[in-house]
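Q: missing the sequence, but the structure's below:
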């Protein structure tokens, strides 16, 4: 999914809800890996991507929230 340059990691929750569980898990892993790289670069003084780090953290939180909502929804339907 391509977005504008300054909105690389910004996705509306409505659009994220359309993703499958596998896509959500893949995105979670991608976001986490990218966050690790940016934090490592920032600690080394190579970059100052504070806004990107914030957006990645928000993206990870959205993905985890959506996965949790789906787990709770599946558990309620099984009762």
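A: Ah, there it is. Remember, predicted model here, so these are calculated numbers, not experimental data.
Q: so residue 75, which state does it fall into?
A: Under DSSP: H, G, I helix; E, B strand; the rest coil, residue 75 falls in the helix class.
Q: for residue 28, what are its contacts?
A: Residue 28 is in contact with 60, 63-64, 67, counting by C-beta atoms under 8 Å, 6 or more residues apart in numbering. Any C-beta I mention is one placed from the backbone N, CA and C, and that applies to glycine too.
Q: between these, which has the most around it?
A: residue 63 (24 neighbours; other C-beta atoms under 10 Å).
Q: and residue 32, how many residues sit next to it?
A: Neighbour count of residue 32, defined by other C-beta under 10 Å: 15.
Q: what's the answer for residue 76, then?
A: Neighbours of residue 76 using other C-beta under 10 Å come to 8.
Q: just the ones of the contacts of residue 28 in helices?
A: 60, 63-64, 67 (DSSP state H).
Q: which among the residues you listed gets closest to residue 19?
A: The shortest gap between residue 19 and any of the ones in helices among the contacts of residue 28 belongs to residue 63, at 8.5 Å (C-beta to C-beta).
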